[in-house]
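Visitor: Dropping a prediction and its sequence here:
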Amino acid sequence: MATSDPEILALLQQNDPRGYEILLEDYADLVYRAAYRILQNEQDAEDVTQETFLSVYRQVQNFRGDSKLSSWLHRIASNAAIDHLRAGQRKQGQETPLEDDPGEGEESPEPADENAPHPEESLLQQESLEDIRRALAEMPAKLRSAYLLYMVDGLSLPQVAETLNINLSAAKLRLHRARQFLTEYFSQR
Amino acid sequence: MNTHQEIAPLLEAYSRRALPAPETAQVAAHLAECETCRQSLAKHEAARALLQEASAPALPAPGRLRLYQKLNEIRAEQGEKLLQVPAELLAQALAKGSAAAQAGGEVAKASGKAALSVANSGAEVARTMHRGAKAVRGKALKAGAKSAHHAKDMVDEAAQTMIDSAHILTSEVAEVVSESMCNPVKAVFAPARLAGKGVKAGARMAKGSLKIAFSGAKSAFRMAQGGLEMGRESVKQGGETAKSVINIAQTALAARNQVAASVGKGMEKVQNAHPPQEGDASNNEILP
Ligand SMILES: [Zn+2]
């Protein structure tokens, strides 16, 4: 029962409640996950999910449909989650695990070999779900969201780049660093 | 035919469902005849499944319900048409309440169950009342109004109990919970309300009885939410508070059943005796 992006968008722009019903049905999980991946906390992810759909409600008239609805939602959710994280950290005076190393974009990633073997995948299989959760929780948020979009949601690197609103080489770099992170995380123990 | 060397590097993307259709078909064909690649794919898929489970919770039903509520709150402020909350979502959220309650022990479990019955019977009352809208009058209506009133007090009492006894629920939280309950229930009954409008002579009657049913359902819903919260918190707390919620829920349930019964009686009377008289003047006196 897939309703196409333009159909949903038309309903939303007419402020037809059915548009929102379809939107929530199809995308509430996507938005929640995007937020959860950054925040690693159910309550915060739920708050951000609400914020995201309220933003849609306020901004949908300005949305031109240049990108996919899912990318647009993901972007709003990620940005809101990052703001949320920053606000929380400011309050607690914490160092932020949000930022990558300052050198992002300067250092070129390993040659973009999507097909190379990925040691973190075989490592994962030795670990308990709980340990994997912990590893993901400790991974910097930007790396985590790129990695999971790629690995779990099956997005291609260009799609990851579009969704996160970064360029392709940054997407490659984040994926690479995420893998490095996991490999190091699990081989240290 | 593709060689093993050509296919093996594609398995990772294949496991992520990220290959274009032609390659997908090639890989599938090769998998059928290559045990090594099947094993390798199984590893990729296992890793992906682990990551998925570790990383990607779906929005739980209560949170989903609150999302509808939030949007409907804003839309209600703007006087816009509300979203309709899927019935199965309501059921799920309530079931979730029971499930959480179970973890908190027998007392809390009973509270979730009672809440569920209250909600169910609230919906039943709404249906019954709507069917009987043209016919039901006077007595049943007054009884309904009384009991809705009664139920409201009960809910307030329940909220108060929770505020008093729980260190967890602040009065603010309770207020937010009860405020936000209004909208989804409205949305659920919106179709009924519209249909009610169609009934020319009984329109006012329908409106009035729905109002009662609505407030019954509303309190039922608050009870459910209360049960849900209780269920969650009683994992830590348990005991007295939960008990009082059960009592209140049961009393409210009894009240609902009473209303349903008197409505049913009213309908029966009309069906058996004489057809409803449209535009009966007594309608106008009773209704707000
Ligand atoms: Zn092979």
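Guide: Thanks, I have the structure now.
Visitor: Based on its surroundings, how many neighbours for residue B:32?
Guide: 9 (other C-beta atoms under 10 Å in any protein chain shown). Every C-beta, even on glycine, is put in place using the N, C-alpha and C of the backbone.
Visitor: mind listing what residue A:72 touches?
Guide: By C-beta atoms under 8 Å, 6 or more residues apart in numbering or on different chains, residue A:72 lies in contact with residue A:63.
Visitor: pLDDT score assigned to it?
Guide: With respect to pLDDT, residue A:72 scores 92.
Visitor: Assign it to helix, strand or coil.
Guide: Look at residue A:72: counting by DSSP: H, G, I helix; E, B strand; the rest coil, its state is helix.
Visitor: Which positions within the helix or strand of chain A with the lowest mean pLDDT qualify as buried?
Guide: The weakest-scoring helix or strand in chain A, judged by mean pLDDT, DSSP states H and E, is helix A:119-124 (a mean of 74). Neighbour counts over helix A:119-124 (16 or more other C-beta atoms under 10 Å in any protein chain shown) mark A:120, A:121, A:123, A:124 as buried.
Visitor: Would you mind marking which of the residues you listed are also close to the ion?
Guide: Among those, no residue is within reach of the ion (C-beta under 5 Å from the ion).
Visitor: And the spatially closest residue to residue B:65 that is not a sequence neighbour, how far from chain A?
Guide: The shortest distance from residue B:65 to any non-neighbouring residue, by C-beta to C-beta, 6 or more residues apart in numbering or on different chains, is to residue B:93 (4.6 Å). According to C-beta to the nearest C-beta, to the nearest Å, residue B:93 and chain A sit 13 Å apart.
Visitor: neighbours around residue B:93, how many?
Guide: Residue B:93 is flanked by 23 other residues according to other C-beta under 10 Å.
Visitor: quick one on the thing from earlier: between the buried residues of helix A:119-124, which is closest to residue A:170?
Guide: Nearest to residue A:170, judged by C-beta to C-beta, of the buried residues of helix A:119-124 is residue A:120 at 19.7 Å.
Visitor: ok, the closest one - contacts?
Guide: A:179, A:182, A:183, A:186 are the contacts of residue A:120 under C-beta under 8 Å, 6+ apart.
Visitor: check which helix or strand covers the residue lying closest to it once chain neighbours are set aside.
Guide: Leaving aside its sequence neighbours, residue A:120 sits nearest to residue A:182 (C-beta to C-beta, 6+ apart; 3.9 Å). Using DSSP states H and E, residue A:182 sits in helix A:168-187.
Visitor: CA atoms of the least confident helix or strand of chain A as CSV?
Guide: Backbone C-alpha positions of helix A:119-124 (Å, rounded to 0.1, in the frame of the first residue of the first chain) are rendered in CSV as follows:
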residue,chain,number,x,y,z
PRO,A,119,36.9,-7.3,9.7
GLU,A,120,34.3,-5.7,12.0
GLU,A,121,31.7,-7.9,10.6
SER,A,122,33.3,-11.1,11.7
LEU,A,123,34.3,-9.5,15.0
LEU,A,124,30.6,-8.6,15.6
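Visitor: one step back: could you say which helix or strand contains the residue nearest to residue B:65?
Guide: If you go by DSSP H and E, residue B:93 is part of helix B:87-103.
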